[in-house]
Structures are given as structure tokens and as C-alpha cells.
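1. Please work out how this folds:
(chains A, B, C and D, ligands or ions: 4)
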Amino acid sequence: MPECTFGRAIDLAIEHAMARDATIVLIGEDVPMLRAPLVARFGTGRVLAAPISEAAFLGAAAGAAMGGLRPVVELYMVDFIGVGLDAVLNHMAKLDTFSGGGWRCPVLIRAPSGGGYGDGGQHGQSLWGMLAAIPGLTVVVPSTPADAYGLTATALGHDGPVVLFESKLLSAEWLEFLGRGARDSVTFDVPPAGARGAVEPGATVPLGQAAVRRQGGDLTIAAVAVGVHRALEAADRLAAKGIECEVIDLRSLRPLDRRTVVESVRRTSRLLVADEDYVAYGLAGELAAVALEAGLTPRYARVCLEDTLPYARHLEAAALPNVERIIAAALRLTD
Amino acid sequence: MPECTFGRAIDLAIEHAMARDATIVLIGEDVPMLRAPLVARFGTGRVLAAPISEAAFLGAAAGAAMGGLRPVVELYMVDFIGVGLDAVLNHMAKLDTFSGGGWRCPVLIRAPSGGGYGDGGQHGQSLWGMLAAIPGLTVVVPSTPADAYGLTATALGHDGPVVLFESKLLSAEWLEFLGRGARDSVTFDVPPAGARGAVEPGATVPLGQAAVRRQGGDLTIAAVAVGVHRALEAADRLAAKGIECEVIDLRSLRPLDRRTVVESVRRTSRLLVADEDYVAYGLAGELAAVALEAGLTPRYARVCLEDTLPYARHLEAAALPNVERIIAAALRLTD
Amino acid sequence: MHPDLYRQMLRARAYEVAVADLWRRGLISGEMHLGTGEEAVAAGVVTHLRDGDGLALAHRCSPPLVVRGVPLVRMLRELLGKPDGLGHGRAGHMHLFSREHLAGSSGVVGASLPMGAGLALAASRLRPRRIAVAFTGDGALNQGMALETLNLAVAWNLPLLVVCIDNRWAIATRSADVSGGEPGERAAAFGWQTARVDGRDVLAVHAAAQTLIGRLRKGRKPAFLLATCPRLDGHFLGDPMLRMARQPLTDGRELLGEVAGAATRKGGDLLRRVGGVLRMTRLLVQARAGAERDGRGDPLQQARDAMARDPEVRDRIEHEVHDEIASALEAALIDTPGGVDA
Amino acid sequence: MHPDLYRQMLRARAYEVAVADLWRRGLISGEMHLGTGEEAVAAGVVTHLRDGDGLALAHRCSPPLVVRGVPLVRMLRELLGKPDGLGHGRAGHMHLFSREHLAGSSGVVGASLPMGAGLALAASRLRPRRIAVAFTGDGALNQGMALETLNLAVAWNLPLLVVCIDNRWAIATRSADVSGGEPGERAAAFGWQTARVDGRDVLAVHAAAQTLIGRLRKGRKPAFLLATCPRLDGHFLGDPMLRMARQPLTDGRELLGEVAGAATRKGGDLLRRVGGVLRMTRLLVQARAGAERDGRGDPLQQARDAMARDPEVRDRIEHEVHDEIASALEAALIDTPGGVDA
Ligand SMILES: Cc1ncc(C[n+]2csc(CCOP(=O)(O)OP(=O)(O)O)c2C)c(N)n1
Ligand SMILES: Cc1ncc(C[n+]2csc(CCOP(=O)(O)OP(=O)(O)O)c2C)c(N)n1
Ligand SMILES: [Mg+2]
Ligand SMILES: [Mg+2]
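-> Numbers count the residues shown, from 1 in each chain, chains lettered A, B, ... in the order given. Ligands and ions are numbered 1, 2, ... in the order given. I've put the predicted structure just below:
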């Protein structure tokens, strides 16, 4: 079980799959440089440098999947999905239905996401709620290197379109590239267990299966990505106050592991959602609906991004679901 | 109080505003034909035919708003927002924040939406949940000609970006254009009170204010657009069984009138959301969260679109939140 | 005149005539975009395709699909919304997909170009000497993803033929009113090999496509074929502009009344108002002129005339196609009350 | 050499040198895209703007904003994340907006073109003889909304000048590797008037912009100016490719090690692998060659040389600019511990 970084875990899963399956190709801006090892191993015929034309290369990925390839498409950041959403919403996600099941659409979209390094509101969004709303799509959001590897591996074997979110704050490579830029003068609040960890080559993580990261009977905190680590830290501190939190890492948003959430909330009667995505019409609401649909009536709070992510580091830190905000909400729910 | 159709009510509100405010311009594909009366009155300088370039003309609308105009932009259908979402998500909605409040972005996007006339899954989506998730945006969804007029009028006086949804099923003009095509051989299940009604010139409807369309103490049904009328019909039939429904027409999704929902649910202890948009990560979940956040623990159900909207009329009718599905869910909640 | 080209054109037309009838009878819902007048392009291009070639289509997709040999009954069943339709009745006429034929379509304007680029990419990696063809309208060449694909296909040197059917209109807008430059020039500026043909002339289309496709199979850069075509029957069935243009006094009355009403209301400036009314009138006149002039140039009629030298073959083809469509229709309507004769 | 052009170039450079320093000290977060090497284009174009003209910018937006006269302290305060910054500290360096100057920027590649088109539309309706200028990179001309705008601006005959700064790169990709045709040819194919200049030569830029902007003010169709420019300092501060190219044995070691490791792992075919390694090496060599060759062509140095005939004016300008930037910096850092001298 070698240790590796979060971003490298995704790279590795892709590399392993590409070695096994010659129909996998990688498409994206700057991939010859960003994924140099894959170019070195598989050549430029399978690692295609794309122009800054997200709409065309996402659409082409759908067409290539129809033609028998299994494209992996990288976005520079999920913030830019706005120029290419049509390919995802109206083509990849609907091909199965439109073709009467004749075609699935095995495309993996790798979407770096999230803030925490002061890059401003057009470069720090999460937007997984927006994508998870689309029937026909699979949406996964790992929070550890092991899950990053395992979910990528699973996605690469899945026959439908998958969006894989890669938290930039967990990904040492992105953080260096976009945040640090070889400076020693900046620091980031990186959760160590998310940024580096053991990865088991060949392991997969099933879609739609959450992981209970910590057990506790007083309060359920549901989260993904960085939020999981913030929740765990908050849970540690809350434990010191005698409040035992159960922390659920949802891992997939579509399909969503409703059962794990419901079972936990049934026990704790309290649900707190810590989500880096926008607060309204998204994940936090979906989990509220899941709880109510199951006939549960938990006390409930959501700690999410309320507005456009601000640029200034201190404002950004306050706007993201941080440990203090989670603790404060937890205390309100358990008072 | 003249009577008019739903679509005409929007046209009228735009015409009245254009007559008052010379900075309002209308942009869209085919608008010289679709909005011929406006061309006739205000000329081609204020009614601009656009090429099929949604990304460019939505982006240009944002720029034009910076330059002092108040553009009204028409999409052919909200389904096509996928090619132009960036302008909405990253520009219009963020201009206020980015410019330190120096600039708002007074753009009105008119977005025909929804199914019910058998045009298939790429032409019958609602997608208001996706847009209502975006901070900085206002999202309104009228269900009657009076509200269509009033919300359009309000939006045209509002300084930020607004998306106005126009249900094609309520809009006789769209239904004729896209659905009937001069045929007598097809029929549509059009709610009469949504398609035609009195309009008061000059009237406005405030943003973020829901309307209680029917009062009742047993169950709250929250809905927008066609869903409101389906809910009212279901409520009539449920009344015959002794179940009294309160039907809330939300009208704005962002800002959302949380208070009206909460007050109603506090009385009824039951919340049913009837929504033509996709079921997950959207409006239905948001209302669940609103209820739980208010400390309410209602019985809850959602009747929404579960999957890609099917083309065949009978499948489509079954997939949309129809009266039967609403009644069935209401009976489950009140049993 | 190669008889098969005439046969394919006739099949496409006859199929669509049948579809139009079903649509008018209300057995098909929603919009219905037919390729009436585009049959020569479909036949001239698609007859060059081989197994393993991809085909990406826009909303006006029936003629190429018919020529490609997609089973007519499954297509019709789809339009009728039946579970054994191509898309199990869940797709509809803008979303016809056949994996067997590597063919797909889309109702989002411009989407056929990236889809075609993807099919071409797959062909280039998996199927030597196989190519993809994307059909597009002229209006679609103003759509970002289409323009991006003009670049992408060159950057990746894809074996892609884009066939642009230039009918000079996008719904109710004359393309010239909202477009700069010529489609072919645009493609050339991105580095495409380009050609231009009269899209009514099936032999010209066939020859041009042969040259371009031949080069693509040898690995040459992507090719762009501009085929000018009449729009014989408006944008879609029931097109109100066409009806107004043809019958301004009956079908146009309501709109013209509204226009006149608005133009005479207070506010706005007079010159502008007059300009607005003139613009409406101009559009209607153009729509009518287009419909009439183009009517004289029906490509099917031209092909039929070219078959006159061989009347027996022509008659045989016509009978066979009639029978083929009639029996497809019968099979498609088997469970429809009223069936074929209604 | 008009002294003001030199002054503006120097202001832009000195401002950015200060920004780079703040960024390196960790006082500015996130990415930092500077326009080092693009000062001649900024000065040559933006000095033509008048009150009421609009300015739409991309991520590399400081030189045009500095030349346009946006208050330096408010810009610096924004980058420092302060509440009295241009965007109240909530925007950051890719999102600098000044309503007073009708200027805005965006971090989404390609977005400056539609923004510019909108500003031009507003100008054409509200402010006679006013225009808009949109700056864009070369890579951005592969983005759909940018290409669409090439059409839209012609269709609407907008008074828009697009200035494309062609530095031949988009982050780590050579534009030539992913682009077909030349930017100017593309614009011409949509019907733009186009011109091309050496973007290091401020007088040439100034003259070209004068001609084009003059025509735009008279109502002529949109204009496209291609200015070739060196990329003197990589894509952004801390650009790893530049570091690797400059110091392959230290900064490149990790990546090259990974590449070598992957290339020698089992699987994949050998020729492909060798090709992959070659490609990496080629990119690095090109990045270095570019950086070095371009270093010799620093436009600011050229402008300074041209000022040699008038050393007193030059010295005065240099002193004044030095003082201007120094005091802006001091004002901006007033509440920052360590302040200017740290
Ligand atoms: C992205 C998008 N915008 C708008 C539409 C509405 N629409 C459908 S067909 C059409 C016109 C297409 O014109 P053209 O490409 O010339 O094809 P034609 O219909 O003339 O064959 C438009 C605007 C759409 N389907 N997709
Ligand atoms: C839509 C979108 N895709 C990708 C990116 C990431 N990105 C930022 S700058 C850049 C390169 C831009 O190249 P160019 O337009 O030539 O400008 P330059 O940086 O060379 O000045 C890219 C790909 C982005 N910001 N937006
Ligand atoms: Mg056309
Ligand atoms: Mg560049």
C-alpha cells in the first residue's frame, strides 16, 4: 500500500486503467504537461492536448464514446463547466435514454473544484449540486487518496458518464500550481488525511456507497471532500464538550447512499450538512428531503457557501464551511 | 383589466417598460418575427435579431448592462442554457460582488420551459433549480397571466439579473408554435387559469412573495408554474375526500418566500412539493431544508420529474407531476 | 444518373411524406423538422459511407438516416412513441440514434459537429480508413461548439466531413441578417479543405463528397462541404411564417394586426416604427419568394427528370419505394386505431 | 517616440513589478497573471480611449487598467484583499471592475469578447462615436463565445476593437499545436477589418490602433488587431514550466523523473513511449527558447532605447513613475505589517 498524494492517486488510477484498456484516451488543456507521465507511457495518440474549447471537446468526448472509446476529459476547473454544460446535460446524460439503451456514454470528467487558496469567486466553486441534479449522470466526490483512486477506478469501469470532483485544496499538485507557485510565503489549511495517504492499486470504491468516518450518537454530519475533514476536526473538538458526532462521507452524490444517511439520522435525530457548494437548491436540501422522505424529523442545519466566494483569504476562510461554523451549528442543534 | 394570454402578458409588460425606458433592448433569435409588434413599435435598433450564439449574446447582454442598457434576452428554451450558462453563472450573477457593488447587472432572461406537448427530453426541461442555486441571480416562475405581467414588470425595474421562466404549456403562442402547428388533431392538458386571464397594466408583483392560491389545513402543496394548477385540481378532488389542501404558488424561487411556506406547514404539518423540474438537488429539497431549518418536522413528499422527460405523450404525462400523482402522494401523507 | 441515388432520394421523400401525414393526423407530437428539399445532399453524401463510418446529425435528420439504412419501421415506431421504437418511444424525432449504424442526432443546434468530431476521433483510433460525417444547418455555424469544432478537427487532424446544408434560413431569420462571412470561408480560415455544391444536384454532391471522403480516408485534414439547398416547406411542419407568407390575408391577419396596432400606439419614434413594419413585411415577402422560387427547384423533380432516359428503371424504383414505404407504414401502424387508411 | 507612451509602458511595468513582489511575499493570494511584455500593446491601444469608451479584459488585465487610469491604490488594495479595494477585497486580480472607467475583466477565457461586444452595443445606442475595446489572448480565440462574438459583432456592426495579444502560448500549450489557421484570418473570414503589428513596437501599435479606432468612431465594421508579443515571464508567477525550462536539473527533476519512470513501466508500446518523452522535451526546449529569445525583445527596453535621444525627459518620466508607484504602494500597504520595506 504505497502512500501518495490525492491528485497522484487519480493519476495512478487513470494510468492503471489506460494500461489495461487501450480504448481509454485522455483529453484536456495542457494535459501533455500536466499528465506528462501518461504521455511518456502511452504517447500523444492517447493523451490529447485540447484547445480551450470545452464545449467542443466535451461534445467530442460524447461522440468518441459512441464510437467506442472511453474518454477521460479534464476541465481546468469545474467553474468553467458553464461553457460546456450542454454536452453533459443534453448529450452524455441523455444518450442512454435517447438510444433506447443502445448506447451508454462512458466518459469520465475530471473536475478540479473548490476554494481555500484565495483564487476568487470564478475559480473556487464546487457546483456538484448543479451536476448531481441531472438524471443520467453519476457524480462522485472523494475526500481521501484511497477513495480518489478507488472512485476513479470504478468510474473508469462504469459505462455511463461520471463527473469526478477533485478538490484542489486536497490536491497538492493543483495547490502548488494555482496557489503556492513555489512560494514559501503562503500557507493553506490543508487536511493532511485528505492530501496524502495509502492507496491500494487495483482497489475500487463502489458508486453510491457512503463511508462512516466517525461514529457517534448525538449528531450526524454529512459532507464530501474538504467538508469531511472539517467535520472530523469539528467532531474531535465537540467530543471534548461531550458531543459525539457521526461523520458521513457521502463519496457519491448521484447515486446517493440514502440508507447510510437515514440509518445514522434515525439514531442521532440531528442532521448537519457541511457543504462547500452553494447553500440553496443543492446537496444540503437534498439530504433534508431524504430525511423527511424516510419519515425522520431531525433537527437540521446546513453550513455551506452562502454567496459568491470572496477573494480575500480571511473572507474566504469565513465563507467556506470551516470548523468554527460547523461547531457553532452543531452546538445549536444539540443545545 | 383586459384579458390576455400568458405569453402575451409577458410581451405586454416588456412593451410597457420599453415605452417608458429607452435603455431597454430586446435580444434573441427570431425576435423580429416572434416579437413583431415590438419591432413595429420600437424598431430594429431596440429589437435585435441574434444569431444562434447564446453564449455570445448572453455575455454581450451582461456587457451591455455594464454599458448602461437594460437588455431583455430571450432563449428559445431553457434547455439550451447549457451553451450559455457561463455568462449567467460567472458574469451576470457575480458582477455585483466583483465590482464592489459598483455595477449591478440589469438583464432579464426570458426562458421558455417545460414539457407537456411531446417535444422530447432536450426540449421539455425546467432547470429552475439549477439556476436558483446561483447566488446573485433572481429566479421567478409565474403561473398566471397576471403574475407573468407583474413579475416581468418587476424584473424590468430590478437592477440585478433575473431569469423569468415562461411555461410553454401555459403560453398559447409557444404551444401553437412548437406543439400544435396549426393542427386540430392534437390536444394538450392546458390549465385554463394559467393560460388566460386578467392583466392589470402597470401592476407589479414583488420578488420573493409567494401567493396562497387555496387555503386548507390538512396539507401544504408548494409548486410553481403548471404545477400550481395541477395542485389546485388535485386539491379540488382531495376536498371531495375531505382533505383540505393549502396550495402555495411560490412565484419566486430566488429570493424564496420562506415565511409563507413555513407558516403554512406549521399549520398543516404536511408538505408536498409538486415540481416539474428534476427531483433531486432542486426545489423539492430546498423546501425540505426550509421546513427543517424552521424547526418543523412535516410529513413530506415530492412529486417531480424523476428522469429524462420521455417523448411519447402518455409516458410524458405520467412522468410530469400530474394530478393523479399529486393525489396519490397527498393520500399517503394524510393517511 | 445512378439509379440508386434517385432511389435513395425518393425513399427519403416518401418516408417524410408519410411522416408529415402521421404528424398532421396527430399521431406524432411536438415539432417536426423535415428535410424536404435536402434529399440530394443526403443521397449524394451518405451513399459513400461504409460500415464503421460515423454519422452525426442535427434536428433535420431523417433523410440521412433513411439513406443510411436505419430500419424505417423502428424510426416510425419511435415517432409514434412506441416501446419498440429506436429510442423505446422516449426519444423523438430529434433524437434518433442507431448504434448499429454509428448514427446519432441532436436537437441542440450545433451539437452535430462535436459529436461528429468524436466519432471521427474514435474512427481514427479504432477503425483504419473509417471516417465520420456531420450534417449541420447554416444557422448552426454561429453556435460556439460548432465553431470550436472547426478548430478542434484541424488541431487533431480528424477524418471528419462536415456537410453544411445552407438553406439561407434559421427558423424565421435569414442567415444573411445575422451572419458575417460565408460558411466555407470560415472553415477555410481554420484550415479545412472546402468545397461548394448546388445541393439540389445529386450528381454534383455525390462527386464532391467522393473526392473529399476519398481524401479523408487517406488521412488528409478535415473537409467541409457547403451544399446550398432550398427550404421547400418552411422550418417545420405548420411553420406559421410560411403560412403567413402564403396566405397573408388569412393566416397572417392576426400577427399583422398586432404589428399594425403596436406601430400606431403612442411612444417610440415614428421613423423607427415605420422601419419596424417594413422589416416585417420584408421578411414575409422573402419567405414567400423563397418558398416559391425554391419550389421550382425541387431536387427530387430534377433527379426524376434525369431518370427520364430510363423510364422503366424509374418506374420500377418508384414502385419499389412506394411498396417499401407503404409496408413500413403498415407495420409501424399495426397497433394504431385507424391505421394506415385513416 | 511620444513620451507619454513610454510613461504608460513604464507605469504598467513598474506597477506589475510591485505586484509581483507583493505576491512573492505572500500578501496576494492565488494565481497572478502579469502582462510583462505586453506593455506596448496596452499603451499603444488604450491611450486612444476617451470617456465613455468601454474596455473588456481577460485575466492578464493590469497593463490596460493602469494605462486607462484606474486608481492604482484601489487596484493594489483589491489585490491585498482590503475592503476599500476596487471589489471590496472580494474580487481579486482577474476580476477588476471600474464603473467609472467602463472597464471590466474576467478569469473565464474568451469572456472578454462578448463583454466587449455588449459594451460596444451600449456605446452605439447611448454614446455617439464611443467604442469598446476587448483584449484577448490567442488561446482564447478557440473558445466558443469568442468565436461567436466574431460573428455577432459583424452581424450587429458593433464599434468593437478586439486586440488579440498573440504570445503563441496558452499556459503550457503552444497555440500552434492546438489551433488551425491564424487569428487574423479567422476574423477576416467573419468580415472584420484586420491588422497585424509587432506588439513590442509601441509606435506601430499606436498607429495601427489609431487607424482602426478612427474608423470605428465613424461607424465602420468591427476591427481586429493582432499584436504578437513575447511571453517574458511564463503564464503566471511561479510558472513551473518556466522554472523547469530554466533550471531543468533542479526544478524539472521531479517531473522528468516521473516521466522517465512512466515511460519505462511495462505496457504501452515502445515507439509511443519514446514519442511521449520527446514531446515533453520539445515543450521544455520551446519554453526555454521562447523565454530566452523573447527576453531579448523586451518592449520596455525598446521603448527606453527610443527615448535615448531625449535623456532628460526619459529621466524625468522614470523618476515620476518611480515616485507614483512607490507612493501608491505605500498607501496600499498602510495597514500591512512589514509594509513597503519588508
Ligand atoms: C442551442 C440552440 N439554440 C436554439 C435552438 C432553436 N432552434 C432549433 S432549429 C434552429 C434553427 C437552425 O438553423 P439551421 O442550423 O440553419 O438549420 P435549419 O433548421 O435551417 O435546417 C433553432 C434556432 C436550438 N435547438 N438549440
Ligand atoms: C473557459 C476556461 N477554460 C480554461 C481556463 C484556464 N486558463 C486560464 S488562462 C488560460 C490560457 C489562456 O491563453 P491565452 O488566451 O493565449 O492568454 P494568455 O494567458 O496567453 O495571455 C487557460 C486555459 C479558463 N480560465 N477558462
Ligand atoms: Mg438553415
Ligand atoms: Mg496566449
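2. just the helices in the stretch 101-250 of chain C please.
-> Per DSSP state H, counting those that start in this stretch, the stretch 101-250 of chain C carries helices over the ranges C:112-126, C:144-155, C:175-178, C:183-189, C:202-217, C:240-246.
3. Most tightly packed of those?
-> helix C:144-155 (a mean of 31; mean count of other Cβ atoms under 10 Å in any protein chain shown). Where C-beta positions appear, they are placed from N, C-alpha and C, glycine not excepted.
4. I'd like the mean pLDDT over that one, please.
-> Averaged over helix C:144-155, pLDDT sits at 98.
5. Residue of chain A nearest ligand 4, please.
-> As assessed by Cβ to the ion, ligand 4 sits closest to A:I52 within chain A, at 9.6 Å.
6. ok, that residue - contacts?
-> Listed by Cβ atoms under 8 Å, 6 or more residues apart in numbering or on different chains, the contact set of A:I52 reads A:E29, D:V109, D:G110, D:G139, D:A140, D:N142, D:Q143, D:A170.
7. So the second one sits against D:G139, correct?
-> Yep, that's D:V109 we're talking about. Yes: with contacts counted by Cβ atoms under 8 Å, D:V109 reaches D:G139, the gap being 6.7 Å.
8. Now do the shared contacts for these two.
-> With Cβ under 8 Å, 6+ apart as the test, D:V109 and D:G139 both reach A:I52, D:A170.
9. right, and the helix or strand after the helix or strand of chain C with the lowest mean pLDDT?
-> Every helix and strand in chain C was compared by mean pLDDT, DSSP states H and E; the lowest is helix C:270-296, with a mean of 63. Sequence-wise, the next helix or strand beyond helix C:270-296 is helix C:299-306, with elements assigned using DSSP states H and E.
10. The helix or strand following that following helix packs against which elements?
-> Next in sequence after helix C:299-306, counting helices and strands by DSSP H and E, comes helix C:311-332. Applying 3 or more Cβ pairs under 8 Å, 6 or more residues apart in numbering or on different chains; DSSP states H and E, we find helix C:311-332 packed against helix C:3-24, helix C:72-79.
11. Buried residues, helix C:311-332. List them.
-> Buried residues in helix C:311-332, counted by 16 or more other Cβ atoms under 10 Å in any protein chain shown: C:R314, C:I317, C:E318, C:V321, C:E324, C:I325, C:A328, C:L329, C:A332.
12. For these, give me a markdown table that also has distance to D:E148 and pLDDT.
-> A markdown table is the format used below for the buried residues of helix C:311-332 (distance: Cβ to Cβ, whole Å; pLDDT from 0 to 100):
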| residue | distance to D:E148 | pLDDT |
| --- | --- | --- |
| C:R314 | 46 | 96 |
| C:I317 | 44 | 97 |
| C:E318 | 45 | 96 |
| C:V321 | 42 | 97 |
| C:E324 | 43 | 97 |
| C:I325 | 40 | 97 |
| C:A328 | 41 | 97 |
| C:L329 | 42 | 97 |
| C:A332 | 40 | 98 |
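13. Does A:H229 touch A:G194 like I think?
-> Yes: between A:H229 and A:G194 there is a contact at 5.0 Å, judged by Cβ under 8 Å.
14. shared neighbours, those two?
-> Common neighbours of A:H229 and A:G194 (Cβ under 8 Å, 6+ apart) are A:S143.
15. got the residues of the stretch 101-250 of chain C near chain D?
-> The stretch 101-250 of chain C has residues C:142-145, C:147-148, C:150-155, C:177-182, C:185-186, C:188-192 near chain D, with proximity defined as Cβ under 8 Å from any Cβ of the partner chain.
16. if we go to 10 Å?
-> C:110, C:141-157, C:175-192, C:221-222 (Cβ under 10 Å from any Cβ of the partner chain).
17. Could you count how many residues lie near the closest residue to chain D within the stretch 151-300 of chain A?
-> Using Cβ to the nearest Cβ, A:G181 is the residue of the stretch 151-300 of chain A that sits closest to chain D, at 2.3 Å. A:G181 sits with 21 neighbouring residues when counted by other Cβ atoms under 10 Å in any protein chain shown.
18. and the gap between A:P51 and chain B?
-> Distance, A:P51 to chain B, by Cβ to the nearest Cβ, to the nearest Å: 16 Å.
19. In chain A, where is pLDDT below threshold?
-> Chain A contains residues with pLDDT under 70 at A:1.
20. what residues go with each domain of it?
-> Here the domain assignment for chain A is A:3-198, A:211-333, based on automatic domain parsing.
21. The first one vs ligand 1: in contact?
-> Just to be clear, that refers to domain A:3-198. No: against ligand 1, domain A:3-198 shows no contacts by Cβ under 6 Å from any ligand atom, the least distance being 7.2 Å.
22. Endpoints of that domain, how far apart?
-> Taking Cα to Cα, to the nearest Å, the first and last residues of domain A:3-198 lie 4 Å apart.
23. ok, and the closest non-adjacent residue to the residue of the stretch 201-342 of chain C found nearest ligand 1?
-> Of all residues in the stretch 201-342 of chain C, C:H235 sits closest to ligand 1, with a separation of 5.6 Å (Cβ to the nearest ligand atom). Closest residue in space to C:H235, ignoring its immediate chain neighbours: C:I171 at 4.7 Å, by Cβ to Cβ, 6 or more residues apart in numbering or on different chains.
24. I figured that neighbour was touching C:V178, is that so?
-> No: counting by Cβ atoms under 10 Å, C:I171 stays clear of C:V178, with 11.1 Å between them.
25. Identify the contacts common to the two.
-> Residues touching both C:I171 and C:V178 (Cβ atoms under 10 Å, 6 or more residues apart in numbering or on different chains): B:E29, B:D30, B:I52, C:G139.
26. neighbours of the second one, just the number please.
-> The reference is to B:D30. When neighbours are counted by other Cβ under 10 Å, B:D30 registers 21.
27. just the first one next, same as before
-> Other residues within reach of B:E29, judged by other Cβ under 10 Å, total 26.
28. quick one: it and B:E74 touch, right?
-> Yes: counting by Cβ under 10 Å, B:E29 touches B:E74, with 7.3 Å between them.
29. anything in contact with each of those two?
-> Contacts common to B:E29 and B:E74, judged by Cβ under 10 Å, 6+ apart, are B:A50, B:F57.
30. List, one by one, the residues from chain C near ligand 3.
-> C:G137, C:D138, C:G139, C:N167, C:W169 (Cβ under 5 Å from the ion).
31. out of those, which are inside strands?
-> Mapping the residues of chain C next to ligand 3 onto strands (DSSP state E) picks out C:G137, C:W169.
32. returning to what we had before: unless I'm misreading it, the residue of the stretch 201-342 of chain C closest to ligand 1 sits right up against C:R168, doesn't it?
-> No: at 11.9 Å, C:H235 does not count as touching C:R168 under the criterion of Cβ under 10 Å.
33. any shared contact partners between the two?
-> Common neighbours of C:H235 and C:R168 (Cβ under 10 Å, 6+ apart) are C:G139.
34. more neighbours, those two?
-> Neighbour count, other Cβ under 10 Å: between C:H235 and C:R168, C:H235 has more, with 24 against 17.
35. give the contact list for the more buried one.
-> Here C:H235 is in contact with B:30, C:31, C:33-34, C:59-60, C:139, C:167, C:169-173, C:241-242, C:287 (Cβ under 10 Å, 6+ apart).
36. cutoff 8 Å now
-> C:H33, C:W169, C:I171, C:A172, C:M241, C:L242.
37. For chain A, state which of these is nearest.
-> C:H33 (16.1 Å).
38. Helix, strand or coil: sort out the closest one for me.
-> Following DSSP: H, G, I helix; E, B strand; the rest coil, we place C:H33 in the coil state.
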